[in-house]
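J.: Everything below, folded, please.
(2 chains)
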Amino acid sequence: QKEVEQNSGPLSVPEGAIASLNCTYSDRGSQSFFWYRQYSGKSPELIMFIYSNGDKEDGRFTAQLNKASQYVSLLIRDSQPSDSATYLCAVNTNAGKSTFGDGTTLTVKP
Amino acid sequence: DVKVTQSSRYLVKRTGEKVFLECVQDMDHENMFWYRQDPGLGLRLIYFSYDVKMKEKGDIPEGYSVSREKKERFSLILESASTNQTSMYLCASVGSGAQETQYFGPGTRLLVL
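T.: As a prediction, the model looks like this:
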């Protein structure tokens, strides 16, 4: 079993819809959780981080964390074609060291 | 803003050559990482360093070595490049807290012929 697993893609949604990206992790000692966006040929860039159970909202993005279920998700509301990218889930256990999922590729169709 | 720079965006080398990839960060971060990223395999950790002159193997260290002589600079060395080391190489740096995010450099796309 992988340490961090993301829902297999690719995921395709129409413009304006909600895109839901999911991630599960195996280490119960995980402390912090990150979502990165990576455009083709570019390096990952941070979108959201979350440390506590519950929801965290930032503009059109909402991160949800459930430590009991070892589950973290990212919702993108009012999806835009510019949101088309690969989304990486990352989990920190030790200070500064992240374990990444394989990524989910999202396509938003106009 | 944190800035992480890598010495080259694109690099073409021949099999057997020694290859140096350099990474520099300007935020006084303790931790630095080298990853490679390949289609279908995600980000894989090669080596990381949590202090000057300190290094730890990641998940796929074979065929690679690293050097960290100064805090801001972390070098990845391919001792004898092989075609299976053709990949995108990403450097990242992060502070020492558990809640710190990683900041990535722009990446080096290496082609070994």
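J.: and the end-to-end length of stretch A:55-63?
T.: Stretch A:55-63 has an end-to-end distance of 6 Å (criterion: Cα to Cα, to the nearest Å).
J.: residue ranges with poor pLDDT in chain A?
T.: The model of chain A has pLDDT under 70 over residues A:1, A:94-96.
J.: near chain B, which residues of it show up?
T.: Within chain A, the positions lying close to chain B (Cβ under 8 Å from any Cβ of the partner chain) are A:31-32, A:34, A:42-46, A:49, A:51, A:88, A:90, A:92-98, A:100-103. (Each C-beta comes from the backbone N, C-alpha and C, glycine too.)
J.: tally of neighbours for B:E22?
T.: B:E22 has 17 neighbouring residues, counting by other Cβ atoms under 10 Å in any protein chain shown.
J.: quick one: it and B:R73 touch, right?
T.: Yes. Counting by Cβ atoms under 8 Å, B:R73 is a contact partner of B:E22 at 6.6 Å.
J.: Help me confirm that A:S82 is found in a helix?
T.: Yes. Per DSSP: H, G, I helix; E, B strand; the rest coil, A:S82 lies within a helix segment.
J.: Which of the helices or strands spans the residue lying closest to it once chain neighbours are set aside?
T.: Distances taken as Cβ to Cβ, 6 or more residues apart in numbering or on different chains place A:V108 nearest to A:S82, at 7.9 Å, with adjacent residues excluded. For A:V108, the element it lies in under DSSP states H and E is strand A:104-109.
J.: Quick check: neighbours of the helix or strand harbouring A:E57 in the sheet, parallel or antiparallel?
T.: A:E57 belongs to strand A:54-58 when assigned by DSSP H and E. Applying DSSP bridges, strand A:54-58 is found paired with strand A:61-66 (antiparallel).
J.: quick revisit: who does the strand holding A:V108 pair up with?
T.: strand A:11-14 (parallel), strand A:85-92 (antiparallel).
J.: which of the residues in the shortest one are buried?
T.: What it means is strand A:11-14. A:L11, A:V13 (16 or more other Cβ atoms under 10 Å in any protein chain shown).
J.: Give me the distance from it to the chain's centre.
T.: Mean C-alpha position of strand A:11-14 versus that of the full chain (Cα atoms, centre = their mean, to the nearest Å) differs by 15 Å.
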